[in-house]
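Engineer: I would like to see how this sequence folds:
(chains A, B, C and D)
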Number of protein chains: 2
Amino acid sequence: MQDEMSIDKNSVIPIYYQLAKYFEKQIRHGELKPGEALPPEMEIASRFGISRMTVRRAISELVAAGMVYTQQGKGTFVARPRLDNVVFELSNFNEEIKKRGLNLQATILEAKIVKADENLKAKLGVEFNTRFLFFRIVLAADGERLAYETKYIIYTKQKPILESELKDPSLSNLVAIHSDCLPVSSKKVLQASVANKEEALILGISPNAPVFLIEQTIYDLNGKPIGWGKSIYRGDRYKLTSYDGWYAKD
Amino acid sequence: MQDEMSIDKNSVIPIYYQLAKYFEKQIRHGELKPGEALPPEMEIASRFGISRMTVRRAISELVAAGMVYTQQGKGTFVARPRLDNVVFELSNFNEEIKKRGLNLQATILEAKIVKADENLKAKLGVEFNTRFLFFRIVLAADGERLAYETKYIIYTKQKPILESELKDPSLSNLVAIHSDCLPVSSKKVLQASVANKEEALILGISPNAPVFLIEQTIYDLNGKPIGWGKSIYRGDRYKLTSYDGWYAKD
DNA sequence: CAGTGGTCTAGACCACTAT
DNA sequence: TAGTGGTCTAGACCACTGA
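Structural biologist: Coordinates of the predicted model:
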């Protein structure tokens, strides 16, 4: 029982962090198995000679990581990893490309100010005459065209539009710059689809080739839609990956 | 200035929770804008007549929600909502269908014990003679076939396989039941694809119709793969939705 | 009832930031 | 140097659980 040696109270590393890592290691090594209880908080505190609040801080880290759960009046128990929550992360396109060391290129096909038409009115529920910044861009990495994006952004300020702004395909930034609205939430819908003729031509793939279709709507503080976009990603060049359970993060 | 009225110290609702909601409301109503500072912790504590630790607990809730961030030595500031992290959640297929009030049906097409072939050996890196439980199922809702799944699960126990077990298409449960390994992490890769002839026939769609293809690998504590599965979802019946930013959760 | 986790206090010292 | 957030303590009382 050299538990106490695992915690250095004079270290620059916080005690709660050392303690959390100590239990995390026990769990990862199988010394504490799912369903088993951790020692009571007071026992941990006295065993390591630290305060109960510090123990609780450590446990709250493990709770946040999904490795343990607490039950009032009963104790703290090792959780069973949940692997059935499918969470796919698609990092920002720009960042993703740059991370791979590729040369990102954004080509603006069209950019203009438009008034809401029937289609947009239905999608966003805006008044008929609302003005929008509309543009279409193609994203390419090392000369290969990968994505085609069509976007509408509410346009309330009179600020001129800089070409460089359009090359960062982040809807929320553009909304922040060109409207008085503050974008606070966003809904995206991802579908599997096949390229139509226009998309196939623009992306240099054959019609009916598989693509990801992402529709994004951006909302302000009041839940009012203030931007809409559609993105087509080449299915043969793009994958979404999801890691869950107790991923390592040491 | 009736701030103090917003906190009821005798309520059953914890003070830190009331305080967090108080600031959340200020932020949502635009009284505190992105970039602006919250009052110093000590000032909040004395203004509401509570302890600084309780204030910190409240702020940590807001930090976890992504609504504020702290900077040591400077202060606590309202965050700008991040809307560019695309995170698609696909809840467990069973739960999703049941939530919609549909009648879920799982049909087992095939189920047997197999030894690892070259393909599986390459994918999972296991020894040649490892035995696997192999099965294929079709998932349908109200008579309509929606998904087709092929799964391999390491089979170390001699337990008989119950038909009902196979009807819950959760890989991790099956691994837990039929192997000595503890599944702790999972990797899933989602692709846009088109149905091949076999898949089209089984799902009752036309060949080359768009589908989601999800490959899942399950790992044990040591990072050793202990299960693999491939799922085909009808693209015309399945969408993934992502909400981010400051979503409401009152 | 004893034992557990949940909340809260009133201090303390520290590291970091700005002036 | 003054002001901020980060960590930690040694208590306290509460709500919930199970024997």
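Engineer: Provide the contact partners of stretch A:183-190 at residue level.
Structural biologist: By C-beta atoms under 8 Å, 6 or more residues apart in numbering or on different chains, the surrounding residues in contact with stretch A:183-190 are A:88, A:171-172, A:175-176, A:212-221, A:223, A:226-227, B:28, B:81, B:83, B:86, B:88, B:239-247. (Each C-beta comes from the backbone N, C-alpha and C, glycine too.)
Engineer: could you measure the residue of chain A found nearest DNA strand D against residue A:40, distance?
Structural biologist: When distances are taken as C-beta to the nearest atom of the strand, chain A reaches nearest to DNA strand D at residue A:73, 2.5 Å away. Per C-beta to C-beta, to the nearest Å, residue A:73 is found 12 Å from residue A:40.
Engineer: Neighbour count: the two, which is higher?
Structural biologist: Neighbour count, other C-beta atoms under 10 Å in any protein chain shown: between residue A:73 and residue A:40, residue A:40 has more, with 13 against 4.
Engineer: Can you list the buried residues in stretch A:12-19?
Structural biologist: Within stretch A:12-19, the residues scored as buried using 16 or more other C-beta atoms under 10 Å in any protein chain shown are A:15-16, A:18-19.
Engineer: my read: residue A:108 touches residue A:167, true?
Structural biologist: Yes: the pair residue A:108 and residue A:167 passes the contact test of C-beta atoms under 8 Å, sitting 7.3 Å apart.
Engineer: what do these two both touch?
Structural biologist: Each of residue A:137 lies in contact with both residue A:108 and residue A:167 under the rule C-beta under 8 Å, 6+ apart.
Engineer: Narrow the contacts of stretch A:183-190 to those in helices?
Structural biologist: Within these, residues falling in helices by DSSP state H are A:171-172, A:175-176, B:28.
Engineer: now, which of those lie close to DNA strand C?
Structural biologist: Subset of these in contact with DNA strand C: empty, counting by C-beta under 7 Å from any atom of the strand.
Engineer: Can you redo these as JSON lines, where the extra columns are distance to DNA strand D and pLDDT?
Structural biologist: Output for the ones in helices among the contacts of stretch A:183-190, formatted as JSON lines (distance: C-beta to the nearest atom of the strand, whole Å; pLDDT from 0 to 100):
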{"residue": "A:171", "distance to DNA strand D": "30", "pLDDT": "70"}
{"residue": "A:172", "distance to DNA strand D": "26", "pLDDT": "73"}
{"residue": "A:175", "distance to DNA strand D": "29", "pLDDT": "77"}
{"residue": "A:176", "distance to DNA strand D": "25", "pLDDT": "76"}
{"residue": "B:28", "distance to DNA strand D": "20", "pLDDT": "92"}
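Engineer: Among the contacts of stretch A:183-190, name the buried ones.
Structural biologist: A:88, A:171-172, A:175-176, A:212-221, A:226-227, B:28, B:81, B:83, B:86, B:88, B:239-240, B:242, B:244-246.
Engineer: and the contacts of stretch A:183-190, which of them are in strands?
Structural biologist: If you go by DSSP state E, those have A:88, A:212-219, A:226-227, B:86, B:88, B:240-245 in strands.
Engineer: how about the closest residue to residue A:34 other than its chain neighbours, what does it touch?
Structural biologist: Sequence neighbours aside, residue A:80 is the residue nearest to residue A:34 in space, at 4.3 Å (criterion: C-beta to C-beta, 6 or more residues apart in numbering or on different chains). Contacts for residue A:80 were tallied using C-beta under 8 Å, 6+ apart; they are A:34-35, B:176.
Engineer: Just the closest of those residues to residue B:69, please.
Structural biologist: In terms of C-beta to C-beta, no member of these lies closer to residue B:69 than residue A:34, at 33.7 Å.
Engineer: So the closest one is in contact with residue B:182, correct?
Structural biologist: Yes: Residue A:34 is within contact range of residue B:182, at 7.0 Å (criterion: C-beta under 8 Å).
Engineer: related to what we said a few turns ago, between residue A:108 and residue A:167, which is the more surrounded one?
Structural biologist: The neighbour comparison of residue A:108 against residue A:167 (other C-beta under 10 Å) goes to residue A:167, with 15 against 12.
Engineer: list the helices and strands the helix or strand residue A:153 falls within packs on?
Structural biologist: For residue A:153, the host element (DSSP states H and E) is strand A:144-154. If contacts are counted by 3 or more C-beta pairs under 8 Å, 6 or more residues apart in numbering or on different chains; DSSP states H and E, strand A:144-154 sits against strand A:131-141, helix A:171-178, helix A:197-203, strand A:225-234.
Engineer: count of neighbours near the residue nearest to residue A:64 when sequence neighbours are not counted?
Structural biologist: Nearest residue to residue A:64, sequence neighbours excluded (C-beta to C-beta, 6+ apart): residue B:64, at 7.6 Å. Around residue B:64 there are 11 other residues, counting by other C-beta under 10 Å.
Engineer: Give me the pLDDT value at residue B:64.
Structural biologist: Per-residue confidence (pLDDT) for residue B:64: 95.
Engineer: Quick one, which of the helices and strands packed on strand A:144-154 gets closest to residue B:9.
Structural biologist: Once the helices and strands packed on strand A:144-154 are compared by C-beta to C-beta, helix A:171-178 is nearest, at 38.9 Å.
Engineer: now, among the buried residues of stretch A:12-19, which is nearest to chain B?
Structural biologist: Within the buried residues of stretch A:12-19, proximity to chain B (C-beta to the nearest C-beta) peaks at residue A:16, which comes in at 12.6 Å.
Engineer: That closest one touches residue A:51, doesn't it?
Structural biologist: No: with contact defined as C-beta under 8 Å, residue A:16 does not count as touching residue A:51 (10.0 Å).
Engineer: Map the structural domains onto the sequence of chain A.
Structural biologist: Domain ranges of chain A: A:3-78, A:93-234, per automatic domain parsing.
Engineer: looking at those, which is buried most?
Structural biologist: domain A:93-234 (a mean of 17; mean count of other C-beta atoms under 10 Å in any protein chain shown).
Engineer: Residue A:125 and DNA strand C, how far apart?
Structural biologist: From residue A:125 across to DNA strand C, the span is 39 Å (C-beta to the nearest atom of the strand, to the nearest Å).
Engineer: Pretty sure that residue sits against residue A:225.
Structural biologist: Yes: the pair residue A:125 and residue A:225 qualifies as a contact (C-beta under 8 Å) at a distance of 6.4 Å.
Engineer: show me where pLDDT drops low in chain A?
Structural biologist: A:1-5, A:84-98, A:168-169, A:248-250 (pLDDT under 70).
Engineer: what residues does it put near DNA strand C?
Structural biologist: So chain A meets DNA strand C at A:12, A:37-38, A:40-43, A:52-53, A:56, A:59, A:70-76 (C-beta under 7 Å from any atom of the strand).
Engineer: do that again at 6 Å, thanks
Structural biologist: A:40-42, A:53, A:56, A:70, A:72-73, A:75-76 (C-beta under 6 Å from any atom of the strand).
Engineer: which two of the residues you listed lie the greatest distance from each other?
Structural biologist: So, the residues of chain A next to DNA strand C by C-beta to C-beta: farthest apart are A:53 and A:73, at 19.3 Å.
Engineer: Helix or strand next in line after the helix or strand encompassing residue A:47, which one?
Structural biologist: Here residue A:47 sits within helix A:41-48, counting by DSSP H and E. Later in the chain than helix A:41-48, the nearest helix or strand by DSSP H and E is helix A:52-64.
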